[in-house]
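Undergrad: Fold the following, please.
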Amino acid sequence: MMGMISSSIARKFAMALSGLFLVFFLGQHFTINLTSVIDPDTFNSWSQFMGTNPIVQFALQPVLIAGVVFHFVMGFILELKNYKARDVSYAKYNGGANASWASRNMIISGLVILAFLGLHFYDFWIHEMSVKYISGDMSGLIDPNDPASGFRYYEETVLKFESPIRVGLYVISFVLLAIHLWHGFASSFQSVGFNNKYAVALTKFAKVYSILIPVGFIFIAIYLHLNQLPH
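TA: Numbering: from 1, shown residues only. As a prediction, the model looks like this:
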């Protein structure tokens, strides 16, 4: 594996594939989260399925975590290689003249997203692991002894967006995610070889996706925060 990604082209290809995989997950994650503002019962039902299904928990979830780690590690490697190449090959390198701000600062937006993922894991994933494997509640119910009590996922999600500071952190993170996707998603198609008659349409789709999904997440966070304020 390490031999395969030792060349510059192979590294970019691997980076693009991991990015496309994470983009697909992002869309699926947004679809589930959007139901929290449309129909809390559907959100609870889908979240309970994702949180208790053994295939999701013990097969897909480890693959997702590995994909996240691989993408960020490969990103740091590419940034380091590019930095060294600029120092050696371009004595008068002018980043602003050769690339957009988004492409020149992928490492910055990536670091912000990585910090956000730490907060997001703390808010939801670590809490979920604690409830299921320490407290022993594998059911996803508010009261494990009362099947009629309903699932707890919507209530827990709303509670996380009670603080305006946390909502603000989420908003900032999603703005940086949009910037990161704006360059990364579109360029990933080129990196995996989609330089054909569909390239223009794919690039336009990537640009629209890069704006709509982060804006959608921002809307969800603000809506869940405002919806619990006193009327």
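Undergrad: list the contacts for the residue most central in space within the chain?
TA: Nearest to the mean C-alpha position of the chain, by Cα atoms, centre = their mean, lies Leu26 at 5.2 Å. Leu26 makes contact with Ile213 under the criterion Cβ atoms under 8 Å, 6 or more residues apart in numbering. Every residue, glycine included, has its C-beta placed from N, CA and C.
Undergrad: For Glu128, which non-adjacent residue is spatially closest?
TA: Gly51 (6.3 Å; Cβ to Cβ, 6 or more residues apart in numbering).
Undergrad: do Asp137 as well
TA: Per Cβ to Cβ, 6+ apart, closest to Asp137 is Pro144, 4.8 Å.
Undergrad: Let's verify that neighbour: helix, strand, or coil?
TA: Taking DSSP: H, G, I helix; E, B strand; the rest coil as the rule, one finds Pro144 in the coil state.
Undergrad: again with Gly136
TA: Strictly by three-state DSSP, Gly136 counts as coil.
Undergrad: can you pull the pLDDT of it?
TA: pLDDT recorded at Gly136 is 73.
Undergrad: that older thread, tell me how far the residue nearest to the centre of the chain lies from Gly67.
TA: 11 Å (Cβ to Cβ, to the nearest Å).
Undergrad: and the helix or strand in which Lys84 is found, what does it pack onto?
TA: Using DSSP states H and E, Lys84 maps to helix 61-89. On a contact count with 3 or more Cβ pairs under 8 Å, 6 or more residues apart in numbering; DSSP states H and E, helix 61-89 meets helix 8-38, helix 106-120.
Undergrad: For Ser191, find the nearest of these.
TA: Closest to Ser191 of the helices and strands packed on helix 61-89, according to Cβ to Cβ: helix 8-38, at 3.6 Å.
Undergrad: any idea which helix or strand comes after that closest one?
TA: helix 40-52.
Undergrad: in that next one, what counts as buried?
TA: 40, 43-48, 50-51 (16 or more other Cβ atoms under 10 Å).
Undergrad: What is the nearest of those to His183?
TA: For the buried residues of helix 40-52, the nearest to His183 is Met50 (29.8 Å; Cβ to Cβ).
Undergrad: isn't that closest one right next to Leu60, touching?
TA: No - taking Cβ atoms under 8 Å as the definition, Met50 is not a contact partner of Leu60, at 9.1 Å.
Undergrad: returning to what we had before: now the helix holding Lys84 and helix 106-120, what's the angle there?
TA: 150 degrees (axes from the mean of the first three to the mean of the last three Cα atoms, to 10 degrees).
Undergrad: Now do helix 61-89: distance to the chain's middle.
TA: Relative to its parent chain, helix 61-89 has a centroid offset of 16 Å by Cα atoms, centre = their mean, to the nearest Å.
Undergrad: Please apply the same query to stretch 221-231.
TA: Using Cα atoms, centre = their mean, the offset of stretch 221-231 from its chain centre is 23 Å.
Undergrad: okay, that stretch in PDB with CA atoms only?
TA: Output of stretch 221-231 as PDB, limited to C-alpha atoms (Å, rounded to 0.1, in the frame of the first residue of the first chain):
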ATOM      1  CA  ALA A 221     -27.900  23.900  14.000                       C
ATOM      2  CA  ILE A 222     -29.500  27.400  14.100                       C
ATOM      3  CA  TYR A 223     -33.000  26.000  13.800                       C
ATOM      4  CA  LEU A 224     -32.500  23.500  16.600                       C
ATOM      5  CA  HIS A 225     -31.100  26.300  18.800                       C
ATOM      6  CA  LEU A 226     -33.800  28.900  18.000                       C
ATOM      7  CA  ASN A 227     -36.600  26.400  18.300                       C
ATOM      8  CA  GLN A 228     -35.900  25.800  22.000                       C
ATOM      9  CA  LEU A 229     -35.700  29.500  23.000                       C
ATOM     10  CA  PRO A 230     -38.700  30.900  25.000                       C
ATOM     11  CA  HIS A 231     -41.400  32.200  22.700                       C
END
